[in-house]
Every structure is written in structure tokens, then in C-alpha cells.
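Asker: structure of the sequence below:
(chains A and B)
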Amino acid sequence: MDKETSLSLLLLFCILGCQAAGMEESPQSNDDSSSGQAAGLVRLDEEAQEAIDIEAAPASVQTVPEVMKSTGWLMTIPGQEAVMKARVTGVFEVSSEQPPIVIGRKVTSGEQLGKLRTVLTPQEESQLVIAKEEADVLMNQALVSKELAESQLRGIQKMDANNAISGTRLLELQETIARNEVAYKEARDKLSFLPKEPYSDELHLRPQAITSPLSGQISTVNVVPNQLVIQGDPLWSVSDWSSLWIKVPVFAEDLPRILEDASASVFLPEAPSSLAVTPVNAVVAPATNRRSFDIFYLVDNSEGKLRPGQPLSIDLPVGKPKPQVTVARSAIVWDGMGNAWVYIQSDEETFHRRKVELGPIVGDQIAIKQGIESGEQVVVRGAQSIFGEEFKNQLQAEDDD
Amino acid sequence: MLSRLIQFSLEFRLIVMLLAGALILVGAYTVEQSPWDVFPEFAPPQIVVQTEAPGLSTEEVEQLVTIPIESAVNGVSHIKTLRSSSAPGLSVVKAIFEDRTDILDARQLVSERLNEASPQLPSIVGTPRMTPLAASTSRLLMVGLTSQNHSSMQLRTIADWTFRRRLQAVRGVAHVEVFGGEVKQYQVLVDPTELRRHQITLEQVTLAARNATGFGGAGYIETPNQRLTIQQRTRIASPDDLAAVPVMIEEGVPLNLGHVADVVIGPADKPGDATINGEPGILLLIHKQPSFNTLTVSQDVQQAVEELAQTLPDGVQLHPVLFRQATFIERAIGNLTTAILIGCVLVVLILIAFLFQWRTVVISLTAIPLSLLGAILVLRGLGFSLNAMTLGGLAIALGEVVDDAIVDVENVLRRLRENARIGYPKTSLQVVLDASLEVRSAVVYASFIVVLIFVPVFFMGGLAGTFFWPLGMAYISAILVSLAVALVVTPAMCLAMLGSTSVNDDRDPALVRGLVAIYQRILPFFLRFRWSTMASAILLLLTAISVLPFLGGEFLPNFRESNFVVFMAGKPDESLPEAVRVGENVADRLQQIPGVVSVAQQIGRADLSEDTWGPNISEIWIVIDKNADYDEVLADIRESVDDVPGHVFQVKQFLRERIDEVITGSTADLVVRIVGPDLTVLRQNAQAISNVLQPIEGVADLRVEQQVEVPQIQVMLRPQEIARYGFSVGQLNQDIQTLLRGTVVGQVYEQDRVFDVIVRATPELRGSPEQIGRLHVDSLAGESVPLSALASVDLVNGPNAINREQASRRMLVTCNAEGRDVVSVVKDIQQKLEPIKATLPPGYHLELGGEYEARNDAQTRLLLLSCVALLGIFALLYLDLKSAKLALLVMVSVPLACVGGVASMLLTGGEVSLGSLVGFVTVFGVAVRNGILLISHYQHLQQDEKMAMGHDLIMRGASERLAPILMTAFSTALALLPLILFGNLPGHEIEYPMAVVIVGGLLSSTFLTLILLPVLYEFFATKPKSID
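Answerer: From the prediction side, this is the model:
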């Protein structure tokens, strides 16, 4: 490179440098009243750096999850729980071969869980007695009518079998007999449902069998064998808890931030690892005048360790985990305009203040969305002192109270 | 009257001498019992009201706390200046009263006003408290604790509950500030997400914690025989006990505090911190009450510390002396005493050389302890303490004290010798009486003239007045007591001891004879060339006057203490951990400097502490080895801190720092004060003034007061949103406060120690500005809403402090004058300020003050009062000499005496300080006295011995006065000589420039008296005679 070219290049750099400095200065004229040094630029020799033990570390890249911490509650999936109720009033009975019905017992769909022996009220009993009496009367009446008709029939057949009138009469009598036979039979058939005389005994009706509507486990038991239950009383609940939902109330304005298709991390209190959950695309109608809405996640509970109603800590995903530049939180200094800055050590003795956009916090590190590249030397100890050095003309070593 | 007094004392000489002996004994006892202080109380009477306003920003503190307190206090009578400073979380109102206001009355009045005002303050604001009554140099001792194996919380607990209690009980201790360590606190740390998990509100937690620490009063049970009182309290001995307290009972199952929150023992928020020799530690600052003996209280405190050291657990290290004011006093007094003693020895030698008779030496010397102890008795009676200034006054008086006796003794001896020579000797009593009366007028008038000269000093006012008032009082007391001694004791002793003077003793000592012989040859030469003599005298005077404008000066010198205060200031928003970190690094560097013994850093403030700054400001206290090279160590310290980036430093001595703080509240030479309501306008004008002052030659260290904007987090609640989400504003404010700052809900008592119980959010949740908006708060309906939905959380700029003076906002621009005389710099500044003054909006104005102000005030007043004093002196001279002309002659010739003072001042650096001004006053007095003695001797010769006016009279009179004049000059000069020679020692800082001026002045005044006055007398006194 000849002399002229190098000189003109040098000149060009100078001009560019001046302009760059001007550009850097202008946005800061608000908060930087005046300073001897170029805005954002601090020079410190090694001795000065050593004096307060300034340390710079390269910015690293880390995968940073973006989450919103919240609390969720486990709940039974709607439709996976049935409360079984008594069909009739009666006495609950189980056969001695059947296992006892206790909470936690696994049941399958259609499995018979016991019987209800119906118990009548006194009115019902008296109604039955009346019906029996009525049936008895009916039977007796039918028997009498039938016998009467039969004897008449026999008389006619004996006296004049070929008389035309007696022919018609014959047919009538036969019909009466048949009708009375039917009436008797009908009345007799009712007898099995009706009490027997002299009515002193209990009135026994046919027992009602009860079967489980779904597979699952008994979750509540409200009845013991030989207990009288009234029609409509809850007997047991059967719940299917093999998988559960997690209900997470989310503040309305936060809802849009949450990624619908991403999985959340769910932690049981004091448990180290998270549970695998999948988002449930369901909208459950909320109560009115609520500011938070529930979102749901499905969690497997085949081991049966989780219980509905149990609270869980949940990290809702608000951004896809991605590699981001992170620096120590001690590198950040703030100004009064709401900006965050870090000092970049560009060479041994030069520090530049640079504006950064902050991302999420991970422990003592913070993600930088914008402003620095991976590997840049960022001051992680003594940043505030360099900040002070930059604005040293504002400092006053005097007591002014 | 005087003759009767002298006659009486001569007749009852035994009684007089016994009384003198008694005086010495009583005086010695008083010295033993007196309060010794480093300085007289130089701060004007003032009251500082501090009000903690935790969580309030600067502007809120100003509006809600400072202004109500200011307006309450403002009505109290005798307030001279009312200053206030509002900083985040703290309001400080300082009322400065007129001099000599009774501070106890003032405190009573202020206290009444505060009682009225405090109910009007917001409920979260603490009670306004007056800082304890303490002297301006009240910081007595600093003690430190560090440990490798004990936590800083354990150390702090020891400091707070063992050390502080014991030390505050020591007689004379005003209060003890504790810096550093961690104050133990029972903390209930909540995470709103966790609370939501348990479906508990913050309020329930707060209530549970509050109830847990409460106690009731169940009264007593009265049995037929006894009355048994009932103590009712919840036993909380550990965080576990507190954690077991139920928050709510759910179906019979208690949900405990421990379930929903972390209950731990943690550190309280710290307003300040401390490091000792670069390690975290506890710093105890012990302050003394005014009017107690610094030395005794120091001793008592140190003894208490020693006793406490025995009780310290293993591994805790005590740093018994990180600062000790008494050390300086001891050294100062030691050095001053040495100087006085050496001075006395030199005076003895002079006396022996001139009088050559041990008896006369004894008589003259007796005058010294008698006068000084008598003066101390007078001072104690007037309520002065013994300090650098009163002792200085006595030291300066030393020469003149002995003069009085010498003049008398010399004359008595001379007359006795003459009496022995003549044929018909009079009785010794008669001779002594006559001789004493002969010089009495000179002694009496000269003493009164000296007193008159000191009168201006008494009316100086301001800081200068406060410093020199005790000095002047000591000087005058010594002079007056010495006068009494000269009139009563000296004649009595002369009679007793010299009464039998025989002819054998009639010869003057060889030295005197030699000097007289030389003098008798020199004087005629000057008498012959009287015009040239007078002309050259006038020339000298003019030269001296022309030099005066070129003399610079500083008000008070730097005191050479064995400790330094390094004032360190970082950016106003600097955090405590960074200040501690930097401080530790700085301390490590300082400790590497040879001669540095210990380094203690005091950061931020403590409860009711004297210093009320934020964590960005520290004071680093350095103790240096007493044998170390003072200037070298100072330079090394300055160099060491200069390298530290991001912080500015000022290295000062403790006393200097205290004095500086009193002058105007700001410590620069020149202070431009802009007063007005709007901070932005004030700041703009301050900057404009700073820009205008910058180019002025001689302006150095130019600074605009650090009232800059600092980033603050502003949580601004939005009422519409709050209503929309179903919150109550009051509850929300309370919740935010509880989460961020914490709410103290009660106290836990562990034996005799009391610790706070606080509910607040876990540290992780409040560690970063961007996290605050994500804090969740519970609505009345029990829903959890992030704070950002209810309030805007922003970083904004806010003032770091708002300073007010006389109930208006003000801002300061300060600078020092360097390389140029202050007065001319001030003139330039005044000129440059004119255009700015003209453009100020209505309601704003400028004031110019500073250290210069004090000096200017003092000098103007001194000048004015000097004129008054001159008139008085003329009157006295006229009374004595009975001739206006002669009185005028003495008066006119006296300024010549000051020529030597000016010369010696130029030789030692040319700095005019108030010390040197007082020196001039003294020289003036000496010159006047010698002048009177000489002229009245001439008159005596003319009138009593009927000598004719002429050459012989002039020669004889002058020769006879030679010995006493030289003797007094030499004795004064030699008495002060050690002060000059030891110049840079502690304790001599103020007296040194005075001594320089006095010794220089004595040379010229002696020349004046011995040469010029005879010439002038011959010239002026002859003519009237011829006319007559």
C-alpha cells in the first residue's frame, strides 16, 4: 500500500470515527449533562483497574427458558367421575363373596357392587294388602262364577243338548268359564308380588342390583352394608384418576403470552423433577366477573400418586427456549430513563458503555436480547465504579448536609 | 489607691506570700480537675432533627416530612439559619441558633413543636427525633470488631446489646453509633405464588405474624395471702416457634406460617456498613457529651472497652483504637507544655543573664505559675474548658507575664542598689514602695492597653470569634492576674528577699554593662542622624504596608493529627455492596502504606448518626503511626486514593473536617448559593454559574452541588385499573410496601434483647427492577394479579437529595481560590455573577459566602474595632503621659513595631491567618508598653530628678531602660521560641503563626523603643520646652 492510500484511509477512518462518536453522543445528551470523556467511553489504566479489582468476563450463550411462574391445581377430568345414587329406598346388601367396598377399590365398568333390598312405607304396605284382598276377592269371584257356569253347563248338556237356545247359552257359559279362569289366573299371578296373609311378616320385595358405570376407583363411600338408603342418596363415587387435568388460573392479560402448544413444567412442592404434561385445548366457561381464566394441562397419573385438589407449581411457557447471550446480573447498571447498560472492555484499558435489552433471569445470570455478542468482554465486577468514573465530574467529595 | 495597695501588701508580706502559695496549690488542683478539650465549642448552638421516612422518595420526604417539620421548628425564637436535607428515606432538619442561645431551652422549645407536628406526618413516617446533644468535636473514640469464625450478625448483636449498652452508660458519653454487621431480624419471607398455592392472602400472613408476637396483660390473681401477677406472652425462641404459628385452621388442620412462608433469621436492611482493615466488621463510634473532659471520658470508655474485651467470645477480634481524639489532645498538650517549659527555662536563663542574682530570678519566676494558675482559675470560673486555644493564650501571655515582674524587680533592685550607695539609706520598705510606684503607671496602663487591644478579638463573632474568644480571655486573664501579682506579690517578695541588698550587689551584671556600653555608642549615632533615622523608619513602614496586599492566607491551619479522614464519594446511586467492595480494596491499598496503622471505613449512615448520607459516601478513618513521617504518609494516602476510579476522595484531618463543616454547611472557600423553588431552574443556573466561574483565574475545585438526578423506580398506581380489578388502594399500597420493604409486625424478646419480626417478599423476588412488575398481589375477591396490571413500574430520574435553607430550596456552586488572593477572585466572581443575577426569574436570588466570608467578616470587624481600640489606647496614653503630643508620639511610632512581624511572616510563607493577626495585636501591646515605660521614665527623670531636657537625659533614660526592655523582649521572644522551632507539631498549629509574628515584631519594636523613640522624644519633646 503506498503512502497516499494509507494517508487517505487514515483520514477516512478519522472522519468516520468522529461521526460515530457524534452519533453515540447525541442520544445520550439527555442524561449526560456534560463529561470530559466521550460519552460512554472510559479509559482506565491497569493500575486503576486493579485498585478496585475490576473484572470482565466473556458473555456466554445459554439456552434460556422463558416462563411465567404460576400455581395450578390438579382436578379430575370432567366426565371421569360418577356419583352412584340409590334407585329405590331400601336396605343395601352385599353378598359375602364380594370384596368390601372401600375407597380406592378398583372397579370396572358394569361390575356389580351390591343390591338394594327395597323397604316399603306403611302406606305402601297397606296398599299392597288392599290389592291382595282385591285379588283374593277377584279370584274367589272368578272361581264362584266359573263353578256356577260349569254347573249350568253340565245341566244344559244333560237336559237338552240340541236345543237351539241352549246352544247359545252353552257358548255364553263356556265364555264365562274361560273369562273367569283368566281372571283367576291373573289374580293368582299377582299373589307372588303381594303379601301373604296374615300380613304379620315383613313385606319382601325383589332386591335391586347396583353396577358401576365406569372403570376407576371408588373415591367416596357413603354407605355400609345393611344400611337403609333413601332413593336418590349418593352411595359411592367412582372416579377415573388415571389421568388428571391441571387447572391453572391465568391473569386475563397474561393469557395471550402463553404458548398454547408448548408444554409447561410442573413441579410438585419439594420434588426435584418436573412432570410431563400436555396442554388441553378446552375452554371451560368461567364464572362472570373474574379477572383470571383457567387453562388446563393433562397429566398422566397411572401410578396414582397425584390427587385432585393438590396444588402444583407450574412454569407456563411464554417463549420457546432458545440459546441467548447471557451475562452476570452484576454487569447491569441502570439509568433514570429506564435503560439498562453494560460496560464492554474493548481493549486492556478501554471500556464502552452499551445499552442492552434484557431478557429473562436465570439464577445469577440474565439473558441479553439485544446489545452484545457472545464472547464480548463484559465488566462483571465494578461496573458501577466505571459508571461513576464516566460521570466523575458530578461527584463531590464533600459533606453537604 | 495603688500606693495603698502596694503598701498594704508590703506590710503584710507574709500573708501575701502565703496566699500566693495557696493560689498555686488551688490552681494546680483546678488544672487537674478541669475538662480538657481539643478545641473550645466552635459550632454554634444547633439542633438536628432526623426523621426516618422509610420507603419515601426524595421529593415525598421533602413534601410530606421536611416541610411540616421545618415550618414547626421555624417558629422557635433565636433561630439564625434553618437548613434541611431530604434524601430517600430520611429527612434532616438542622436549626442553627444565635450564638450564646441556651441550647437546653432551645431543645425544649423544639421538642414541644415536634410533638405538635408529628401527628400530622404520614403514618409510615417515624417519629421526628433530635440527635443527642453532642459537642462539635464529639467523636471521641472508634472501636471495631471483626471475626473469622463468627457471623457478622453475631458480631452486630454483641455490638448492639453488649458494647453499646455498656458504653452508653459511661459518664460523659452522649451516644454510640454502630455501623456494619447485620442486624438480626426474624423474617417471614413470602412468595405470592406460594401464598396463592395455599390460598392465603398476604394480609392473613401479616396478621398471623403480628398476633404471634403480641402479648397480653392478664393482671394478677389475688389469693388470701398473696398477690400473684401473671405474665402473658407467646414463647418465641427460634424461627421454628414462629413458623409453628397457625395462619388459618382448615377443617381442623392448622396451616402454619412455616408452611406458607420461609421463617428465618435474616439481616435487616442496612442504611450503612463498615469495614475494618479491609474486612467486614463492626464499627462503634463513641460520642462525648459537651462539657465533659475528653481525656477522662476517653479513659473511662477505654477502660469499659477493655472490660468488655474480656467477655468477647473466642475468635472475635477487638480493634480498640481506630480513632482517638484524646491522642491529639495529649500530644498537643504535651507539645505545648514542652514548649512552655522550654520557654520558661529560656526565660530563666535570660533573667539570670540580665539580673545575675538568684533572688530576682526566683521573684520573677514566681510570677509565672502565679499568673498562669490564677488565669486558669479565672477561666474556669468563667466556664472555659482547657483546650488548645486557652493554653495558646496562656503561652502567648507567658512573655508579658514575666515582663510585669521583671519591670518591677529590676526597678526595685536598681533603686535598692542606689539606696545602698547613698549615705542616708531609706528603709527598704520605703525604697521598694517608691520603686514599685515609679513603674506602676507603666505596668498598669500598659496592661490595660493590651487588654484594650484584645477587645476587638472578643467582638469578632463567627467561627473566628469562637476560636479566639477563649484565647483572648486566657491572654487577658493572664495579663490582669499578672498585673495583680506585680502589684501585690512581687513587691512583697522583693521586700522579703531583696530588702537586705548591700553595696556588694550594686554592680550590674557584666552582660548588662556590656550591652549598655554598646548601646551608649550606637544611640548617639542615630541621634545625630535623626532625620535619616526617621526617614528610614518611615520607609520601612511604607515597604511593610506595600507588601501587605500580596499576602495570601487561610483562616485556620491544618492540624497535624495522627489520624486522617478520607472522604470517599461514589456515584449517588451506588449500592452498599459496591461501596463495601471498593472500600475494602481501598483499605487494602492504604494498609500497604508504611506508617498506616489501621483503616476503618464507615459507609452510609447509622441510626441517629451525625452523618446522614447515602451508601455512596464513606468516611475512611486512618490511624498513622506517631513516628511516621506525617507529610510523606499524607502524600502517599493522597496518591493511593487518586488511582481509585469512579470515586472522588478528600483527605482531611478530623478537626479540619469538623471546622469546615461548621462554617457554612459547605466546606469550600467560596460558595455561591442559588435560592428558589424549582429544582430544574436551580440546577440550570448552578450549571450556568459553574460555566461562568470556570475561566476565572485562581478558581480551583469548582463544583456544582451533588444534587443530581439518580435513577429511581417509580411504582405509580393507576386508580382505574385498581377499580377494574377489584382492589382497594389502601390494601394495595400496604401489600406493595410489605412485599418490597417489609412490614415490621412485632418484636421477639430474647432475654434482654429485642429483635424485630418482619414480613416481606423473598429476596429473589425483589432483587431486580424488572421483577417488581411481576410481583403478584391479591384482589379483594382473592384473585392474584401482577403488579404491572395495576401500576406502571418505571425507572425515572429523581433528585438524590433536596437541600433547603431558610425554608426554601437552594443549590450550591463551590470553589476554592488557588494561586491567587481570595478577595480578588471574589471580586471577579461578583462581577461575573451580575449578568446571571439579572436574568434570574422572579423568586430566585444568589448569595455569595464560604470560608472567605468568615474571614472577611472577621477582618472587617477586627479593623473596625481596632479603630475603637486605638481611640481608647490614645485616651489611656493621654491619661498616663498627660500630654497629647507624647501620647500621639507613642501611637504613631507603634505601627513601626509591626514591620518585623510582617517581615517574619513573609519569611515563613507569607500566610495571614487570624493567628498572625492576633500576633500583631500582641506586638502592638508590647511596643506600647515599652514606649510608655521609656517615656514615663524620661518624664520621671525630668520631673522627679529634675534633669534638664537634652542629650544626657535622652542617653541616661534610654540606657537605664535598656536592660528591662531587652529583658522583656528577650524573655517574650524566648518564651515563644520553642513554638516557632517546633512549628509543625500537633498543638502548635494556631500558635505558630502568632509566635512568628510576635518574635519578628519584637525585633522591630525593640529597635523602635531603643532607637527611634529616643530620637523622636528628643525631637518632639525639646521644642515645647524651648517655647515654654
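Asker: residues of the stretch 51-200 of chain A that sit close to chain B?
Answerer: For the stretch 51-200 of chain A, the residues in contact with chain B (Cβ under 8 Å from any Cβ of the partner chain) are A:51, A:52, A:53, A:54, A:69, A:70, A:71. Using the backbone N, CA and C atoms, a C-beta is placed for each residue, glycine as well.
Asker: export those residues as a markdown table, with columns for neighbour count and distance to residue B:476.
Answerer: Conversion of these to a markdown table gives the following (neighbours: other Cβ atoms under 10 Å in any protein chain shown; distance: Cβ to Cβ, whole Å):
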| residue | neighbour count | distance to residue B:476 |
| --- | --- | --- |
| A:51 | 25 | 53 |
| A:52 | 27 | 54 |
| A:53 | 14 | 58 |
| A:54 | 23 | 60 |
| A:69 | 17 | 79 |
| A:70 | 24 | 83 |
| A:71 | 22 | 83 |
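Asker: just the ones of these in strands?
Answerer: A:69, A:70, A:71 (DSSP state E).
Asker: can you put these in JSON lines and add pLDDT?
Answerer: JSON lines is the format used below for these (pLDDT from 0 to 100):
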{"residue": "A:69", "pLDDT": "83"}
{"residue": "A:70", "pLDDT": "85"}
{"residue": "A:71", "pLDDT": "85"}
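Asker: closest to chain B out of the residues you listed?
Answerer: Proximity to chain B was ranked across those by Cβ to the nearest Cβ; first place goes to residue A:71, at 4.3 Å.
Asker: report pLDDT for the residue nearest to that closest one when sequence neighbours are not counted.
Answerer: The spatially closest residue to residue A:71, leaving aside those adjacent along the chain, is residue B:197, at 4.3 Å (Cβ to Cβ, 6 or more residues apart in numbering or on different chains). According to the prediction, residue B:197 has pLDDT 83.
Asker: which SS state does the closest residue to chain A within the stretch 551-700 of chain B fall under?
Answerer: When you check the stretch 551-700 of chain B against chain A by Cβ to the nearest Cβ, the closest residue turns out to be residue B:646, at 3.2 Å. For residue B:646, the secondary-structure state derived from DSSP: H, G, I helix; E, B strand; the rest coil is coil.
Asker: same check on the one 3 residues further on?
Answerer: For residue B:649, the secondary-structure state derived from three-state DSSP is strand.
Asker: ok, now which ones touch the residue nearest to it when sequence neighbours are not counted?
Answerer: The shortest distance from residue B:649 to any residue other than its chain neighbours is 4.0 Å, reached at residue B:641 (Cβ to Cβ, 6+ apart). Listed by Cβ atoms under 8 Å, 6 or more residues apart in numbering or on different chains, the contact set of residue B:641 reads B:566, B:568, B:586, B:589, B:590, B:649, B:651.
Asker: and what of residue B:933?
Answerer: Residue B:933 makes contact with B:407, B:439, B:442, B:446, B:961, B:964, B:965, according to Cβ under 8 Å, 6+ apart.
Asker: just the terminal-to-terminal distance for stretch B:240-249.
Answerer: From the first residue to the last, stretch B:240-249 extends over 18 Å; the measure is Cα to Cα, to the nearest Å.
Asker: I'd like to know how many residues surround the closest residue to residue B:675 other than its chain neighbours.
Answerer: Using Cβ to Cβ, 6+ apart and skipping residues adjacent in sequence, the residue nearest residue B:675 is residue B:810, 4.6 Å away. For residue B:810, the number of neighbouring residues by other Cβ atoms under 10 Å in any protein chain shown comes to 21.
Asker: helix/strand/coil for the closest residue to residue B:65 other than its chain neighbours?
Answerer: On the basis of Cβ to Cβ, 6+ apart, the spatially nearest residue to residue B:65 that is not a chain neighbour turns out to be residue B:91, at 4.2 Å. The three-state label given to residue B:91 by three-state DSSP is strand.
Asker: how about the helices in the stretch 901-1028 of chain B?
Answerer: B:914-943, B:951-981, B:991-1007, B:1013-1027 (DSSP state H, counting those that start in this stretch).
Asker: secondary structure class for residue 296?
Answerer: Because you didn't say which chain, this covers chain A. On the three-state scheme (three-state DSSP), residue A:296 is labelled strand.
Asker: try chain B instead
Answerer: Under three-state DSSP, residue B:296 falls in the helix class.
Asker: distance of it relative to residue B:32?
Answerer: Distance check for residue B:296 against residue B:32: by Cβ to Cβ, to the nearest Å, it reads 11 Å.
Asker: which strand residues bridge residue 83?
Answerer: Just going to use chain A. In this structure, residue A:83 has the following beta-bridge partners (DSSP bridges): residue A:237.
Asker: nope, chain B
Answerer: Under the criterion DSSP bridges, residue B:83 forms beta bridges with residue B:94, residue B:805.
Asker: do the same with residue B:845
Answerer: Taking DSSP bridges, one finds residue B:675 as the beta-bridge partners of residue B:845.
Asker: ok, the closest residue to residue B:902 other than its chain neighbours - contacts?
Answerer: Nearest residue to residue B:902 in three dimensions, chain neighbours excluded: residue B:544, at 4.3 Å (Cβ to Cβ, 6+ apart). Applying Cβ under 8 Å, 6+ apart to residue B:544 gives the contacts B:898, B:899, B:902, B:903.
Asker: closest one of those to chain A?
Answerer: Distances from chain A to these, taken as Cβ to the nearest Cβ, are shortest for residue B:902 (34.6 Å).
Asker: next one: the closest one relative to residue B:867, how far apart?
Answerer: 20 Å.
Asker: so which of the two has more stuff around it?
Answerer: Regarding residue B:902 and residue B:867, a neighbour count based on other Cβ under 10 Å identifies residue B:902 as having more, with 25 against 10.
Asker: which is the next helix or strand following the host helix or strand of residue B:341?
Answerer: In this structure, residue B:341 is located in helix B:325-355 according to DSSP states H and E. Following the chain from helix B:325-355 toward its C-terminal end, the next helix or strand by DSSP H and E is helix B:358-381.
Asker: from the chain's centroid, how far away is whatever helix or strand comes next after that next one?
Answerer: Taking DSSP H and E as the definition, the helix or strand that follows helix B:358-381 towards the C-terminus is helix B:388-421. For helix B:388-421, the gap between its own C-alpha mean and the chain's C-alpha mean amounts to 35 Å (Cα atoms, centre = their mean, to the nearest Å).
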